[in-house]
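In: Here is a sequence with its predicted model. Questions after.
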Amino acid sequence: MKGPLSVLTAVLLIAVASSQESSDYLLTGYSNPMTSSLAHQFFNINGEESSLPSNGTQLIQRYQTRDDENDLCQRDINRIRDGLNNMEEWAMEFPDTWGRLPIGLFWGHTISMGQYEECVAAESTYGTELRGQYCLASLNITEFYGRIKKRGEENPAARISYKQTDPQIFELGICVPSTCNATQTNELLKTVISHFYGNDVVDLTQTMVTEARCKYDAPIELRGIDIFAIVFFSLIIFFMIAASVYDYIQTRNKAPKKPLFLAFSVLHNAPKIFTVKKVNNPNVIHCLNGLRCFSMMWVVFGHGYMTFYDLPHINKNKFYTWVETPYSMLVQNGSLCVDTFFFMSGLLMCWGAFRELERTKGKLNIPMMYFHRYIRLTPVVAVVVLYIMSLYKYSGAGPMWFKLGTQDKRCEDTWWATLLYVQNYAFPYSICISQSWYLAVDTQLYFLSPLFLIPLWKWGKKALYPIVIFLILCLGCTFATFMYNDFTLFRVQDDHVDLRQRLTYYPTHTRIPTWLIGVIFGYFLFTRNRGRQIPMSKPLVLTGWFVAFGTMLACMWGPYWRILPDTPDSPLIEGAFFEPLSRTSWALAIGWIVWACYNGHGGLVNDFLSWSFFTGFSRLTYCMYVIHRIVQLVNAARLQTDTHFSNYDAILRWWHDFGITLTASIFATLAFEAPILGIEKAIFGGDKKPAAKKPSPGELARTAPVTAPAPTAAAAAVEESEKKPVDEITADITPAPTPASVENPSSV
């Protein structure tokens with residue numbers, strides 16, 4: 001028995017000893033899970049040879065002797081390396097914040113951001129000025145990915161999309177001492193990558209780290225424009241509070257109020273936005289409220305997807321299958337909503353100008369019309385430009401801010417073009433407020449409008465012939481541009497999207513046909529239809545709705561089959577015809593909706609589009625249009641974690657972007673847009689006249705002139721807003737990207 005027991009005892013002793021050795025091994029620094037990582041080895045490999053000091057005091061003494069500025073980076077690298085070997089928490093934060101090896105690379109996840117906030121907050125606990133600096137490095141992996149055998153090469157039917165391309169750059173978040181500049185960090189990173197991978201994975205000839213993509217927690221140094229913006233916004237808030245207090249005191253004391261002192265009063269302006277009263281007036285086209293609001297929501301939805309695509313999705317390749325779905329056409333072909341705006345702009349321009357010409361017996365004060373158009377549109381635009389050029393840079397930080405938070409750079413040289421509304425021609429590739437190209441086009445059309453409106457007023461239908469010929473020539477211009485530049489049918493097939501935008505999307509001469517259709521429609525609606533309803537048989541009404549909806553569906557989903565991978569590319573002439581004709585057809589369909597609703601043939605459609613909720617909402621849409629892209633970019637650029645691509649996630653982001661935009665727009669309307677109207681009233685005054693009544697049947701038959709003040713002159717505009725119920729004001733409704741006050745119906 002002693003023999004077997006001795007053997008068993010020996011085995012147990014060996015197992016215990018082995019277990020102890022294993023336990024001791026796990027407790028050593030070599031078992032640190034970060035030890036073998038690229039982040040840990042960055043400091044280990046790039047550190048100079050030295051013995052490990054026994055305590056922190058010796059560390060301070062050693063590194064205080066290195067005061068040469070050129071050696072500061074190396075000094076701090078050594079200090080972090082020794083801190084890591086000594087298992088000090090402050091030092092371990094540096095490699096802890098690095099991004100890791102790719103996860104989901106073959107699904108398009110080409111970024112590993114790491115922990116930005118932990119990095120910039122990292123600092124030494126021993127008193128030396130050693131702070132963390134975050135850099136987003138760009139690693140060129142073209143050669144590595146080029147050696148991979150793609151599934152599409154073996155089975156073409158299994159390919160994801162013909163538009164999918166191999167990733168070229170993998171972005172890696174790294175954390176280094178703030179004393180290391182971009183050049184030094186770039187060389188140190190190349191050293192450790194070369195040591196680990198050689199030249200097989202990353203192209204070491206390319207620059208990986210740049211100054212623009214490095215950030216550390218430096219004290220904020222306010223520039224002159226930052227101080228100006230802070231003072232300006234503070235004064236605006238002060239004026240709003242002071243005016244509201246004045247309004248409250250005067251109301252309580254039942255004392256008279258000076259209009260100029262009420263300009264910034266929230267108590268005075270808020271009811272004009274949120275109070276809704278249903279009125280019947282021949283000059284009111286209620287359904288435009290709904291069209292305007294839905295178009296605005298569509299704009300935010302489409303731009304939201306554009307921003308959503310740029311986020312750090314772990315499954316970004318899903319985008320390539322998403323673009324092949326019918327649902328995606330709501331985004332890919334969503335620019336049709338802009339043609340709704342242009343149509344409504346032309347219609348209301350003609351309607352408002354004819355009311356002014358009717359009142360003044362054929363006279364337009366064109367200089368004042370231009371002046372008041374400019375001061376109505378520009379304050380909100382100017383405020384957004386000021387914010388972008390000043391406080392925008394303080395609105396967020398992080399890895400995505402390096403990529404998406406660059407709007408202020410676009411404004412440095414182009415802000416003046418935005419305030420002059422010429423950015424669509426002057427700087428089409430770097431527009432300060434990206435969506436403001438529409439304001440430029442519409443303002444230019446506004447300035448050109450007398451060339452069309454005065455002949456229509458003087459010569460009636462005879463003036464339509466040259467207008468229609470001009471419209472056709474502009475359509476031909478778009479057709480010729482497509483043919484000359486080899487533009488294809490749809491963007492997903494187009495390799496020249498930027499050039500196509502500049503030549504066919506932004507220019508005024510390519511967008512004027514839809515606007516002119518609105519002008520022509522407004523002419524007939526005003527001269528032949530105002531104040532009366534034109535009867536129509538049910539079969540004709542149903543036919544009209546069927547044709548209108550069919551046309552809209554064809555414009556929206558007609559090109560769908562062309563974007564599928566197995567469908568051959570469309571011939572050039574197909575796209576050259578579709579681009580201009582689809583937009584004009586869409587405008588004609590919108591024209592039917594407006595005409596049918598105005599003449600009592602809209603049914604449930606008219607009831608819904610004329611819902612009073614849309615009346616209040618429509619008053620905020622101008623500010624929403626100007627503000628929403630900045631909100632989307634800030635929300636996206638502040639991200640510091642990975643996201644997931646799906647329609648549900650995109651809609652969730654749309655809701656919170658929309659909510660913040662709506663809140664900011666309420667403030668902007670009360671702080672900037674509404675006060676301009678109050679100041680106009682205080683300066684120009686106006687006689688108080690009774691609001692227009694719904695005419696009697698006899699008056700409807702004669703379509704008697706409406707003697708309302710001119711919507712294109714500022715004094716008349718303010719006068720109109722004071723004498724009308726708030727709901728009636730929006731009757732003259734302007735399309736989305738223009739001031740919501742429809743006292744100036746021609747403005748868009």
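Out: Structure received.
In: Residue 330: neighbour count?
Out: Residues near residue 330, counting by other CB atoms under 10 Å, number 17. For glycine as for every other residue, the C-beta is placed from the backbone atoms N, C-alpha and C.
In: my read: it touches residue 301, true?
Out: Yes: contact criterion CB atoms under 8 Å: residue 330 and residue 301 qualify, at 7.5 Å.
In: give me every residue that touches residue 44.
Out: Applying CB atoms under 8 Å, 6 or more residues apart in numbering, we find residue 44 in contact with 81, 84.
In: Report pLDDT for it.
Out: You'll see residue 44 listed with a pLDDT of 89.
In: Quick check: which element contains it?
Out: Using DSSP states H and E, the element containing residue 44 is helix 38-46.
In: Quick one: mean pLDDT for stretch 318-328?
Out: Mean predicted lDDT for stretch 318-328 stands at 91.
In: Next, report how far that stretch is displaced from the centre of its chain.
Out: 21 Å (CA atoms, centre = their mean, to the nearest Å).
In: Go through it and flag the buried ones.
Out: 318, 319, 320, 322, 323, 324, 328 (16 or more other CB atoms under 10 Å).
In: Stretch 541-555 now?
Out: Quick answer for stretch 541-555 (16+ other CB under 10 Å): 541, 544, 545, 548, 551, 552, 555.
In: Pick the one among the residues you listed closest to residue 220.
Out: Nearest to residue 220 among the buried residues of stretch 541-555, counting by CB to CB, is residue 555 at 49.9 Å.
In: and residue 139, which of the three is it?
Out: Put simply, residue 139 is strand when judged by DSSP: H, G, I helix; E, B strand; the rest coil.
In: what's the top helix by length along the chain packed up against?
Out: Taking DSSP state H as the criterion, the chain has its longest helix at helix 224-252. Packing partners of helix 224-252 (3 or more CB pairs under 8 Å, 6 or more residues apart in numbering; DSSP states H and E): helix 266-274, helix 366-389.
In: In the stretch 1-150 of the chain, what residue spans correspond to strands?
Out: 111-112, 132-140 (DSSP state E, counting those that start in this stretch).
In: JSON lines for those strands, including mean pLDDT, mean neighbour count and distance to residue 240?
Out: Converted to JSON lines, the strands of the stretch 1-150 of the chain look like this (pLDDT from 0 to 100; neighbours: other CB atoms under 10 Å; distance: least, CB to CB, whole Å):
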{"stretch": "strand 111-112", "mean pLDDT": "94", "mean neighbour count": "23", "distance to residue 240": "42"}
{"stretch": "strand 132-140", "mean pLDDT": "95", "mean neighbour count": "24", "distance to residue 240": "39"}
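In: out of the ones you listed, nearest to residue 612?
Out: The closest of those to residue 612 is strand 111-112. By CB to CB, the value is 46.8 Å.
In: Now do that closest one: which elements does it pack against?
Out: strand 169-177.
In: And whichever helix or strand comes after the strand it packs on, what's buried?
Out: Note on strand 169-177: by DSSP H and E, the next helix or strand toward the C-terminus is helix 182-197. Residues of helix 182-197 classed as buried by neighbour count (16+ other CB under 10 Å): 182, 184, 185, 186, 188, 189, 190, 192, 193.
In: which residue packs closest to the third one, ignoring adjacent ones?
Out: Once flanking residues are discounted, residue 185 sits nearest to residue 209: 4.6 Å by CB to CB, 6 or more residues apart in numbering.
In: For that neighbour, give me its contacts.
Out: By CB under 8 Å, 6+ apart, the residues touching residue 209 are 135, 137, 138, 174, 182, 185, 186, 189.
In: what's the pLDDT at it?
Out: 96.
In: tell me which element it falls in.
Out: Residue-wise, residue 209 maps onto no helix or strand under DSSP H and E.
In: Using CSV, write out every CA atom in the helix holding residue 44.
Out: Extracted in CSV, the C-alpha atoms of helix 38-46 (Å, rounded to 0.1, in the frame of the first residue of the first chain):
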residue,chain,number,x,y,z
LEU,A,38,-0.5,46.5,-30.7
ALA,A,39,-1.3,49.3,-28.3
HIS,A,40,0.9,48.0,-25.5
GLN,A,41,3.7,47.2,-27.9
PHE,A,42,3.6,50.7,-29.3
PHE,A,43,5.1,52.0,-26.1
ASN,A,44,7.3,48.9,-25.4
ILE,A,45,8.9,48.9,-28.9
ASN,A,46,9.3,52.7,-29.2
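In: what's the offset of that helix from the middle of its chain?
Out: Using CA atoms, centre = their mean, the offset of helix 38-46 from its chain centre is 40 Å.
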